[in-house]
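# Fold the following.
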Amino acid sequence: MPNDSGGRASLSGGSRPGRPVSGTSVTRRGPGLRLRLTLLATALVAVVSGLLLWLGWVLVGNVVAAVPRFPSGGMVRVRGVVVPADELGAALRESAREQVLLAGGPAFVAVVLAAAVLAWTVTGRVLSPLHEVTDSARRLSAESLDQRIELGGPRDEVAELADTFDAMLDRLQTAFESQRRFVANASHELRTPLSVIRTELDVTLSDPGADTEELRRMAEVVRDATARAERLVEALLLLARTEGVELPRREPIDLTEVVGRALQGVAEDADRRGLRIHRCDDPALAMGDPALLERVAGNLLENAVRHNIEGGWVEIITSSSPQWASLRVVSSGTEVDSERIETLFEPFYRAGVQRTARTGAGLGLSIVRAAVAAHGGRVSAESVHGGGLAVTVEVPVAP
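Take a look at the predicted model:
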């Protein structure tokens, strides 16, 4: 028989006045839900049965008391007892009521006991799926998120609760796995520049004959590694602030202006690599955060320039529709497998680039996706025939 003590582990994320801080085990005092429902059903049956017994007692007494009156002075024998004739009605009434109580009393007790047993059994069967949900929640941990209730039987409210709990576990498992990958990748990415800095410092300090030129070389390497770590931390903070949050402010902004400012940041790298940049500046008035949209455009252009080929090209297209303002960045580059397109938006993924590469943090498209989602927009990517990538961003158009 399931335990009905009502004890549960506190899973809330905050504390309330007069209660232990979240994370401590909380035992709820008082009867469990099964016992309360049983007592409630039994009490209801007892009240109704008692009322019916009382009504029967009253009605039988009234009916029997309505017998015809006999002349006074005579004697009548009732159940072996001789009573005056004028008191026959009262004697019959008392006898009838006594019979009602003698027969109805045991029946009343039997009905109440039967109701208690039936209520206990039925509530136990009804609440057993809830105990499965509770047991699953108690067993739940970061290492057992693959467990599911998968409740069978009729699709009632309890089954709906179990299905909702399973869906919540699916989302939690996805979030935990994403968090694990993110933490592991972030740790690896941060370890690389730190290892470079430590190695350079150890090598230089172990060389007693290191001259000024060697020290300057070491300082430049340390500066580059520090700059990379700083860019990574800034990207991580931006992704954390953007992912899954609402925009603090929205205002109309033309995507062509956003693209113009973002181009200034990649113009030098594009010229150095001999890239040809083509722009199609149709007006595209969007509703959003100007700084965040500029970061979106900047990340798309940085990605297009960084992963391009020498002497390649980049095409920038802005357009608008009644619902969306869109920015499309198409660039030449290496072949991208269409099956790996979705993985490009995962944090720290860099197509065709080693994880330990010194350029980029692998967060550009992840930030783009998070920022576009914060705007209520959508982003998609597709491979370009002959090599390269096309990324399209759509955000709500300004009214």
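# Return the set of buried residues in stretch 215-234.
218, 221-222, 225, 228-229, 232 (16 or more other Cβ atoms under 10 Å). For glycine as for every other residue, the C-beta is placed from the backbone atoms N, C-alpha and C.
# Export those residues as a markdown table, with columns for secondary structure, pLDDT and distance to Asp170.
Below are the buried residues of stretch 215-234 laid out as a markdown table (DSSP: H, G, I helix; E, B strand; the rest coil; pLDDT from 0 to 100; distance: Cβ to Cβ, whole Å):
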| residue | secondary structure | pLDDT | distance to Asp170 |
| --- | --- | --- | --- |
| Met218 | helix | 87 | 50 |
| Val221 | helix | 85 | 46 |
| Val222 | helix | 88 | 45 |
| Ala225 | helix | 81 | 40 |
| Arg228 | helix | 72 | 36 |
| Ala229 | helix | 79 | 35 |
| Leu232 | helix | 70 | 31 |
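# Now the two most distant members of the residues you listed.
Within the buried residues of stretch 215-234, Met218 and Leu232 form the most distant pair, 21.2 Å apart (Cβ to Cβ).
# Assumed Ser326 was part of a strand.
Yes - assessed by DSSP: H, G, I helix; E, B strand; the rest coil, Ser326 belongs to a strand.
# For the stretch 101-250 of the chain, which segments count as helices?
157-206, 212-242 (DSSP state H, counting those that start in this stretch).
# Measure how the longest one sits relative to helix 212-242, angle-wise.
Yep, that's helix 157-206 we're talking about. 170 degrees (axes from the mean of the first three to the mean of the last three Cα atoms, to 10 degrees).
# elements contacting helix 157-206?
helix 88-139, helix 212-242 (3 or more Cβ pairs under 8 Å, 6 or more residues apart in numbering; DSSP states H and E).
# starting at the chain centroid, how far to the shortest one?
Averaging C-alpha positions (Cα atoms, centre = their mean, to the nearest Å) puts helix 212-242 35 Å from its chain's average.
# How many neighbouring residues does Leu190 have?
16 (other Cβ atoms under 10 Å).
# surely it meets Arg228?
No - if you go by Cβ atoms under 8 Å, Leu190 and Arg228 don't touch, sitting 9.5 Å apart.
# For Leu151, which of the helices and strands packed on helix 157-206 is the nearest?
Using Cβ to Cβ, the nearest of the helices and strands packed on helix 157-206 to Leu151 is helix 88-139, at 5.4 Å.
# Quickly list the domain ranges of the chain.
Here the domain assignment for the chain is 8-139, 179-242, 251-396, based on automatic domain parsing.
# Residue ranges in the stretch 101-250 of the chain under the pLDDT threshold?
The model of the stretch 101-250 of the chain has pLDDT under 70 over residues 140-144, 153-154, 178, 181-182, 184-186, 188-189, 192, 235-236, 238-248.
# 80 instead?
Along the stretch 101-250 of the chain, the parts satisfying pLDDT under 80 run over 126, 128-159, 161-162, 165, 174-193, 228-249.
# ok, back up a step: can you add distance to Leu102 and give the helices of the stretch 101-250 of the chain back as a markdown table?
Shown next, in a markdown table, are the helices of the stretch 101-250 of the chain (distance: least, Cβ to Cβ, whole Å):
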| stretch | distance to Leu102 |
| --- | --- |
| helix 157-206 | 44 |
| helix 212-242 | 79 |
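# For the stretch 251-399 of the chain, which segments count as helices?
Taking DSSP H, counting those that start in this stretch as the criterion, the stretch 251-399 of the chain carries its helices at 255-272, 290-306, 364-374.
# What pLDDT does the model give Val391?
Note for Val391: predicted pLDDT of 92.
# any idea what sits nearest it, other than its immediate chain neighbours?
The shortest distance from Val391 to any non-neighbouring residue, by Cβ to Cβ, 6 or more residues apart in numbering, is to Ala381 (4.7 Å).
# my guess is that neighbour meets Leu389, correct?
Yes - with contacts counted by Cβ under 8 Å, Ala381 reaches Leu389, the gap being 6.1 Å.
# list residues touching both of these two?
Taking Cβ atoms under 8 Å, 6 or more residues apart in numbering as the contact rule, Ala381 and Leu389 both touch Leu344.
# which of those two has more neighbours?
Using other Cβ under 10 Å, the more surrounded residue of Ala381 and Leu389 is Leu389, with 25 against 19.
# I figured the more buried one was touching Gly364, is that so?
No - checked against Cβ under 8 Å, the pair Leu389 and Gly364 is beyond contact range at 11.7 Å.
# list residues touching both of those two?
What both Leu389 and Gly364 touch, as defined by Cβ under 8 Å, 6+ apart, is the set Asn303.
# What are the neighbouring residues in contact with Ala297?
Ala297 is in contact with 255, 258-259, 261-262, 327, counting by Cβ under 8 Å, 6+ apart.
# cool, Ser332 as well?
308-309, 312-314, 384, 386-388.
# ok, Val384 - how many residues close by?
Val384, neighbours per other Cβ under 10 Å, totals 15.
# swap in Arg250?
Counted with other Cβ under 10 Å, residues neighbouring Arg250 total 17.
# quick one, what contacts it?
So Arg250 contacts 287-289 (Cβ under 8 Å, 6+ apart).
# Out of those, the closest to Leu52 would be?
Using Cβ to Cβ, the contacts of Arg250 come closest to Leu52 at Met287, 68.9 Å.
# Verify the contact between the closest one and Val397 for me.
Yes - contact criterion Cβ under 8 Å: Met287 and Val397 qualify, at 6.8 Å.
# hang on, the earlier thing: and the domains of the chain, which is most packed in?
domain 251-396 (a mean of 18; mean count of other Cβ atoms under 10 Å).
# Pull up the distance across that one, start to finish.
11 Å (Cα to Cα, to the nearest Å).
# next one: phi and psi at Glu310?
With angles defined as degrees, to the nearest 10, Glu310 sits at phi -60, psi 130.
# mind checking how far it is from Trp120?
Using Cβ to Cβ, to the nearest Å, we find Glu310 at a distance of 80 Å from Trp120.
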